[in-house]
Structures are given as C-alpha cells and as structure tokens.
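Asks: Got a sequence here, can you model it:
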Amino acid sequence: MQDLIEKFLNRTISASERKRLKRWVLANKDNLKVFKREITNRSKNNLNHHFDGTAAFKEFMTTIDQHKVGRRKRFHLVRYAAIFIGLMAIASFVYLGQFKDGKGTDPVIVGNSSSESNQISITLADGTKQYITANGEALLTDKQGKTIAKKQALGLDFSTTNDRSSENLVFNEIYVPYGQTFQIKLSDGTKVWLNAGTRLRFPQNLSASTQNRVVYLEGEAYFDVTKDKKRPFIVNAENVDIKVLGTQFNVSAYKSDGKIAATLVEGSVNVYENSNPDTNILLSPSYQAAFTKENGTLTKQKVDTRIYTSWLENRLIIDNLSFEQILNKLERAHNVSIINKLESIKDEVYKGEFENENIETILNTISSSTPFNYTIENNIITITK
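Replies: Predicted structure coming up:
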C-alpha cells in the first residue's frame, strides 16, 4: 500500500485507489499506525507546519507550529489533516441542515417558484422564465409549447431537439445560484459545466450563426467545445474573449474577483481583450491567461490545472489564496454569507486541499492554523477573534 499512500500524499490518487486505501487503513490498527506515521513523516520533512497523526485521529484536528514568512502562511494542515479526516469518513463537527451543497440532486424544469434566489433559473428567448428543482426528467418548452431542450440526468440538453427552423439568432440565459452547480449541452453538442453563482447567455440554436459561436459568461464554467473549423467558439467574459475551435478549458470571471482567468486543459485557445484584439495570447495545455482588472494587464503562466477544475469534483484546492479569497469561494460553494470581523488575517495566505468537506469542517481546520472563532445564525457566518 506504500504506493497508494504516496499517491494520496501527492494528490494523484484516483477515486478507486482512494477506496482501496480507505479499506486497508480501516482493516486493522497496524495499518492505521502505518498510515498516520507516513503522514507525520511527510509533514516533518516537507512542511512548515508539523502534523501529529495520532492527535488528528483522536480530535480530528491538530496543533501545528506557526511559521510565518512575511504575510504568507503555508496551510499544509488542510492538505494532510483535512484529507485524512475525509478519508476516515468520520465527522467530529455537527453539520447544520441549512448548509446544503445542492450537489448530487437531479434537477427538472418546473413552473413558477417563490424561492427564486435559491433555484437554478432559465430565461428563454421569448421571455419565459422557468426554474429547476429536484425531480427526474422533463421537457423545456416555450410559450407556444415547442420543445426547446430536454432535462436529462446530467442536466439540460439543447442538442436533442429537431427544431432548427428559426434563422434568427436568439439567446437563452441560465443562472446557477450559490450552493449549486449544473451542466448543459448546447445545440452544437458543446458541454458546459456551470459553477455556483454563474450566469451564461447562449444562442438557442447555434446553427443560426454563420460565423462565430458566441456565449456570454459571468461567473465560472468549464467548456468542452465541439469542433467546428468554420465557426470558432468564443466565450465573452467581461473584458476578455476566449476563442477556440474545439477544446477543453475553464474560465473564471466573477464580477467580485480582481481577475479573469482562462485555464487550458486540452487543445489550444486564443485569449485577448475584446477592446484590443492585438493583446492576443495563445495558450497550450496547462497554461493560464489572466486579465487583471485593476491595471488592465493580460499575463500568461504555467499552472496545475487541477487547482482550477477541482470544483467539478466538489473539491477545494487552496493554492496560495488569501483568507479573504477562501471565504469568497466558501460563500459561493455553500450558499452562505460570511462576515469577517478579524481584519488581521484577511491577507494571510494558505495552501492545502479539502475534498467533500462541509463548511464547518473547513473553518475548524483553518482555525487550528490561524486561531479565530465563528458563529452561525440564519446562514450567516461571523468570524471574530
């Protein structure tokens, strides 16, 4: 099992291998000791913060040495202690019912709803607005009763309808609220995964466009674009356009974030300011183009794509993110409001990973590195000293 433990520590373990490792660790006390010893050794050899595997098993948390370098704090406790907790599948914190991920549900189109802010909504080209909740398969129809898309297990499919009679380019708009993710397939077969707090405006029939296939994104989405050499696919994300023929990439373009980032997984893409196409940057796999809103600069760098696509697997990989940036991600993923009254830690920088953890586990784990208290009331989390 040494090879699986090594993969686990290096974040390269697959889902099936993780299950094998879990079964082995829980088989007997000797295996558990070996596992904790390996984690402890790795922590002592490579990390700024030391991890006590025995204490983590007993208390589901650890006391770690504080080592600051300027304003940067390496939060490796997340990477090892929190994942260890998840692997053991033991919950030491009470999970409050109001913090619902919204993941794992099977959405279906329904009629009007009074809880609009908490449901996925879609506004059709004819002005019809409908909502998506959890219930099986269904058809999405317009005012005339014409089928626009089919709701299937994985999401909305606009490629299964046969109606291509309209020659006019008309747009639908889908919104995914905080705490939920969703998937759609566009009429050309392009697949789009939408993260929490995301709005996508897209043509109902991409065949109506004789030139470019253009969609408009506010938030975050992962695209698997169907190849069409004659009609490039363009994602407009505020100040930036991402132009492709057929490829896989992630775009993060939240209004509240200081950057717009396009991360390429497969193929190639061109990224440029839509007001200045001469700023064009060509990306190859494992590269990211980032537009900084404050100064209007567009830069390119090589990255670990797993960090930027981990949300697809309900994972949170923290890679040199400030405490404030982490809180923004938690608000979106868990549909909560977080008020940080401890200004002294908002710029602290962390590094680590969580997998399928609820928000209390995450906050408790982080607070073991940088002590703070928090209260929860009506979906509002207040962080204090």
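
Asks: Okay, strands next: where are they in the stretch 201-350 of the chain?
Replies: 213-224, 233-237, 240-244, 248-253, 259-266, 269-273, 276-283, 287-292, 297-302, 315-322, 337-340, 349-355 (DSSP state E, counting those that start in this stretch).

Asks: Columns mean pLDDT, distance to residue 150 and mean neighbour count on top of those, output as CSV?
Replies: Yep, even glycine has a C-beta here, placed from its N, CA and C like the rest. Shown next, in CSV, are these (pLDDT from 0 to 100; distance: least, Cβ to Cβ, whole Å; neighbours: other Cβ atoms under 10 Å):
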stretch, mean pLDDT, distance to residue 150, mean neighbour count
strand 213-224, 97, 19, 21
strand 233-237, 96, 22, 22
strand 240-244, 96, 26, 23
strand 248-253, 97, 24, 24
strand 259-266, 96, 27, 21
strand 269-273, 96, 29, 23
strand 276-283, 90, 33, 14
strand 287-292, 96, 34, 21
strand 297-302, 96, 39, 13
strand 315-322, 88, 29, 18
strand 337-340, 96, 35, 14
strand 349-355, 85, 32, 21
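
Asks: Distance to residue 178 added to those strands, as TSV?
Replies: Conversion of those to TSV gives the following (distance: least, Cβ to Cβ, whole Å):
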stretch	distance to residue 178
strand 213-224	10
strand 233-237	19
strand 240-244	23
strand 248-253	15
strand 259-266	20
strand 269-273	27
strand 276-283	29
strand 287-292	24
strand 297-302	29
strand 315-322	15
strand 337-340	9
strand 349-355	18
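
Asks: What ranges in the protein fall below the confidence cut-off?
Replies: Within the chain, the set of residues satisfying pLDDT under 70 comprises 9-11, 39-117, 133-136, 161-167.

Asks: Going along the chain, name the helices of it.
Replies: Using DSSP state H, the helices assigned to the chain run over residues 2-9, 15-25, 29-46, 53-59, 76-77, 83-88, 305-309, 323-334, 359-369.

Asks: in the last one, what's buried?
Replies: Residues of helix 359-369 classed as buried: 359, 360, 361, 362, 363, 364, 365, 366, 368, 369 (neighbour count, 16 or more other Cβ atoms under 10 Å).

Asks: is it true that the fifth one touches residue 374?
Replies: This points to residue 363. Yes. When contacts are counted by Cβ atoms under 8 Å, residue 363 is listed as touching residue 374 (5.8 Å).

Asks: okay, and the common contacts of these two?
Replies: 381, 383 (Cβ atoms under 8 Å, 6 or more residues apart in numbering).

Asks: In contact with residue 177, which residues are there?
Replies: 117, 118, 119, 120, 196, 197, 335.

Asks: of all the residues you listed, which comes closest to residue 7?
Replies: Checking the contacts of residue 177 against residue 7 by Cβ to Cβ gives residue 196 as the nearest, at 29.1 Å.
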